[in-house]
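Peer 1: Need coordinates for the below:
(2 chains)
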There are 2 protein chains.
Amino acid sequence: MLKLAAGIDIGGTNTKLGLIDIEGNIYGEMKFPTTDYPNFDDFVYTLHNSIQNILSAIPHETELVGIGIGAPCASYFTGKISNAANLPWKGEIAVVDTVKKYYQDIPVIVTNDANAAAVGEMIYGGAKGMSDFIVVTLGTGVGSGFVANGKLIYGHDGFAGELGHITVKKGGRECACGHRGCLEAYASANGIKRSVFKLMADCIAPNPFRDITFNQLTCEMVTQAALNGNELAIAAYEYTGKALGKALADAVAIASPQAVFLFGGLTQAGTYLLEPTQKYMEESLFPIFRGKVKVMLSELHTKNAAILGASALIWAEMMPQN
Amino acid sequence: MLKLAAGIDIGGTNTKLGLIDIEGNIYGEMKFPTTDYPNFDDFVYTLHNSIQNILSAIPHETELVGIGIGAPCASYFTGKISNAANLPWKGEIAVVDTVKKYYQDIPVIVTNDANAAAVGEMIYGGAKGMSDFIVVTLGTGVGSGFVANGKLIYGHDGFAGELGHITVKKGGRECACGHRGCLEAYASANGIKRSVFKLMADCIAPNPFRDITFNQLTCEMVTQAALNGNELAIAAYEYTGKALGKALADAVAIASPQAVFLFGGLTQAGTYLLEPTQKYMEESLFPIFRGKVKVMLSELHTKNAAILGASALIWAEMMPQN
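Peer 2: The predicted structure follows:
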């Protein structure tokens, strides 16, 4: 009997799902536009049909052991999504209860995508066998998942791990959350665009970026330019690594992890992100932690990382308590 | 049979010990100068004799179930104290192994005093029944213990919880650790003296503190002045609460605790510390956490708090895994 967990990633644009075994092998996956379903019940009905369609196409006897879901603003404890700005459903959405209508007898777990990424790293990725580590997701936003004593820290309300909203520069850049100087204003896809524009203001050297508007510019363009040796793009990644490295030094002082895994769009820049991050983290570390904490790229940096992470929530729940 | 845990607090000046039951009742305690024992083996021999003397004076049949030790720069995992600047023993000191020579058959646990305070709060104090909380110790230094999922976070090397060394002001005050702007440079006993002097430099109003040298000034004098209505002292506590509140906002973003307990000398100022800390924390919190996190005084604010915390390490170890 092939045991499979469903991994579902609910994003603002698309929802992806896949059925995955405990080794991380994917047995069929699907994707559909989240925005096609203004009604959440209709959305879950489509999810259910998709899971059944994938299951029926697998040429083995299968057992669905649970459903893991990663979604923005989702709480592990309440099973709800609350006021997610980028999703079509407003207010409080009872994700777990609604999915449970179709799947009463198996665990259904929801958490935010960064927490799911951390559990994915623990079950399938570079954090196998580690009991204390951090995963930081660097994409549209900056999220994180902290694992301590072998367990993800959900916090008392399920919302722990908001590393993107610790202050790295007092009175610094405006952040969408209403504060100033949050890590997310520096180390996200939009943050690196802002750094390119800051550096163009600070310096005078000619650069192709001077012919591109802010709204035309993408994180991918900055990454590609850095990989091609564009000095401004490399400097923008250096600036990003500085903000991120300092934030990580604070996170290490609190949690003393064995490693920090970076995940998401910005990691495409590879060493242009990794080296300054490690360097500035080391500089800012309390002496007792120096030279002890590895900063690495996630081993789940594939297009399927989000559904892998979501499915890992189920396998982690089934592990014996340590 | 009365079950007792030994709680030992190794400080730079004195070492205190007591035998304590699971309710927090103390059955005899002692204190001797740490500095009398330049040789660590002699120190442990004296500890052993002290424990036996206390045990023999208790008029019940007793069982010593374990020995918990709080000490600066101590690692739960290695059982060692490493390079503690304020203790007479240099380099690495194998605390657990040395104590085990006398007590082979019972658990001997060492950790730093802030971690011990957190476990003490969980076993005997205001955090009973909480699975996610933070204890911050505000004394000679600033330490902390983070509890998540019902377990203290030791980190991969046993040194987690160094909240005193997260950066609250970039390029700010020099800290003894070699960095600038660490929380400890603001929210410790010395930090509040520095704030009094900063405020005397900023303002012109007459104040009794203008006739006291920095080296004459003590944290207790500032606290007493605040309690007596001295505006400069109250402002110094407000300034302390601002730094602490901002640091706590970052800590909450990471760990999402149900409550933060403040412990140590500075808490004698009561609401003069508590109110600005809560206010500035709330101001800096990521919106999702606002109004959810209580800032409270530790319920172990007695002179025996350190030995209570150390003994709690043993009871926590004996609790069923959650």
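Peer 1: wait, isn't A:Arg180 in contact with A:Tyr186?
Peer 2: No. Contact between A:Arg180 and A:Tyr186 fails when scored by C-beta atoms under 8 Å: they sit 11.4 Å apart. C-beta coordinates here come from the backbone N, C-alpha and C atoms, glycine included.
Peer 1: Domains in chain A, by residue range?
Peer 2: For chain A, automatic domain parsing gives the domain ranges A:2-122+A:303-318, A:130-297.
Peer 1: Just the terminal-to-terminal distance for the shortest one.
Peer 2: Domain A:2-122+A:303-318 has an end-to-end distance of 16 Å (criterion: C-alpha to C-alpha, to the nearest Å).
Peer 1: quick one on the thing from earlier: how about CSV for the domains of chain A, with mean neighbour count and mean pLDDT added?
Peer 2: As requested, those are exported to CSV (neighbours: other C-beta atoms under 10 Å in any protein chain shown; pLDDT from 0 to 100):
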stretch, mean neighbour count, mean pLDDT
domain A:2-122+A:303-318, 19, 94
domain A:130-297, 21, 96
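Peer 1: can I get those in JSON lines with distance to chain B?
Peer 2: Listed next are those as JSON lines, based on distance: least, C-beta to the nearest C-beta, whole Å:
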{"stretch": "domain A:2-122+A:303-318", "distance to chain B": "8"}
{"stretch": "domain A:130-297", "distance to chain B": "2"}
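Peer 1: would CSV of the ones you listed with distance to B:Asn112 be doable?
Peer 2: What follows is these, written out as CSV (distance: least, C-beta to C-beta, whole Å):
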stretch, distance to B:Asn112
domain A:2-122+A:303-318, 26
domain A:130-297, 11
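Peer 1: Quick one: closest of the ones you listed to B:Asp132.
Peer 2: B:Asp132 sits nearest to domain A:130-297 of all the domains of chain A, at 4.2 Å, using C-beta to C-beta.
Peer 1: Spatially nearest residue to A:Ala114 (excluding sequence neighbours)?
Peer 2: Leaving out its chain neighbours, the residue that sits closest to A:Ala114 by C-beta to C-beta, 6 or more residues apart in numbering or on different chains is A:Gly143, at 2.9 Å.
Peer 1: rewinding a little: common neighbours of A:Arg180 and A:Tyr186, please.
Peer 2: A:Lys169, A:Gly172, A:Arg173 (C-beta atoms under 8 Å, 6 or more residues apart in numbering or on different chains).
Peer 1: from those, which is closest to B:Gly125?
Peer 2: Closest approach to B:Gly125 among these (C-beta to C-beta): A:Lys169, at 36.3 Å.
Peer 1: Now the closest residue to A:Ala187 other than its chain neighbours: which helix or strand?
Peer 2: Leaving aside its sequence neighbours, A:Ala187 sits nearest to A:Leu244 (C-beta to C-beta, 6+ apart; 4.6 Å). Take DSSP states H and E as the rule and A:Leu244 turns out to sit in helix A:231-255.
Peer 1: how far off helix A:231-255 does the helix or strand just after that helix point, in degrees?
Peer 2: With elements assigned by DSSP H and E, the helix or strand that comes after helix A:231-255 is strand A:259-263. For strand A:259-263 against helix A:231-255, the angle by axes from the mean of the first three to the mean of the last three C-alpha atoms, to 10 degrees is 140 degrees.
Peer 1: Just the CA atoms of strand A:259-263, as CSV, please.
Peer 2: What follows is strand A:259-263, C-alpha atoms only, in CSV (Å, rounded to 0.1, in the frame of the first residue of the first chain):
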residue,chain,number,x,y,z
ALA,A,259,22.0,26.2,10.2
VAL,A,260,19.9,28.8,8.3
PHE,A,261,18.4,27.8,5.0
LEU,A,262,17.5,30.5,2.5
PHE,A,263,14.5,29.7,0.2
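Peer 1: Within the sheet, what are the partner strands of it, with directions?
Peer 2: strand A:133-138 (parallel), strand A:294-297 (parallel) (DSSP bridges).
Peer 1: Which helix or strand lies directly C-terminal to the shortest one?
Peer 2: Taking DSSP H and E as the definition, the helix or strand that follows strand A:294-297 towards the C-terminus is helix A:305-318.
Peer 1: Return the list of helices and strands in contact with that following helix.
Peer 2: Judged by 3 or more C-beta pairs under 8 Å, 6 or more residues apart in numbering or on different chains; DSSP states H and E, helix A:305-318 is in contact with strand A:2-10, strand A:14-20, strand A:26-33, strand A:62-70, strand A:108-111, helix A:113-124.
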